[in-house]
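*Asks:* for reference, the sequence and a predicted model appear below.
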Amino acid sequence: MSSAGPSVSVVVPAYREAPNLRPLCERIFAATHRANLEAELIIVDDDSRDGSVEVVRDLASRFDVRIVVRTDQRGLASAVLRGFDEARGRVLLVMDADLQHPPEKIPELIECITSGRADFAIGSRYAGGRIERDWPLFRRLNSWVATLLARPLTTARDSMSGFFALHRDTWKRAAPLDPIGYKIGLELMVKARCRRCLEVPIVFGDRAGGQSKLNLSEQLRYLRHLARLYRFRFFTRP
């Protein structure tokens, strides 16, 4: 690593994702190395106690990766913000730990930001991308409705994506962040008043291991989150 530190910080919220951390880390650093990007990887773990700490400790002998274990908070959105606080890079990138987001697309997302073409870049399933395997009808309907409800807040076609990048300055200029649930990307787009969002097509893969964290309580939190964002977007002066 250069003495100036990494240019890119990859933040991965995790809970009981130990089986996925090694292949995820190896693929992230293979992709950033090919693109000549100086990167660090920050795993923010919600006290999984599943061996994640030991896996990352072993990986740290070869890669710029570290794990932050939280015992006082839970939740994806707050985990991402904790990762941002820990990050040293000028560009911040968020992705899931379950290998559904392809690390090989990281350089394209970063280039959208560093070139100045966008203030928010999204790894998109719906803007030229696709889902690798057909989802059950309920999950497809859930995703469609959630995206439709957010449509007045952003022009992005995949505003629900958890795979995104932004400049550190964009995060810093955002209004106070108070997300509920897991849609931190939407929170950042709205609260930072991002106007130039670019979507990079991705193939959204199958979960490699562990279990999905989506449940009814998360869906209800999403509706509460939307209500907050609507109030901010339409009733708060810039």
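*Replies:* Structure received.
*Asks:* how about low-confidence regions in this protein?
*Replies:* Applying pLDDT under 70 to the chain flags the ranges 1-4, 134-135, 207-215.
*Asks:* so which residue is dead centre in it?
*Replies:* Val94 (2.9 Å; C-alpha atoms, centre = their mean).
*Asks:* that one against Leu186, yeah?
*Replies:* No: between Val94 and Leu186 there is no contact under C-beta atoms under 8 Å: 12.0 Å. The way it works is simple: take the backbone N, C-alpha and C, and place the C-beta from them, glycine included.
*Asks:* so what sits against both of the two?
*Replies:* By C-beta atoms under 8 Å, 6 or more residues apart in numbering, Val94 and Leu186 have no common neighbours.
*Asks:* now the top helix by length along the chain: how far from the chain's centre is it?
*Replies:* Longest helix in the chain, counting residues (DSSP state H): helix 216-235. Taking C-alpha atoms, centre = their mean, to the nearest Å, the mean C-alpha location of helix 216-235 is offset from the chain mean by 18 Å.
*Asks:* stretch 87-95 too?
*Replies:* That offset, for stretch 87-95, works out to 10 Å (C-alpha atoms, centre = their mean).
*Asks:* please apply the same query to stretch 60-68.
*Replies:* 19 Å.
*Asks:* can you give me the buried ones in that stretch?
*Replies:* Neighbour counts over stretch 60-68 (16 or more other C-beta atoms under 10 Å) mark 63-65, 67-68 as buried.
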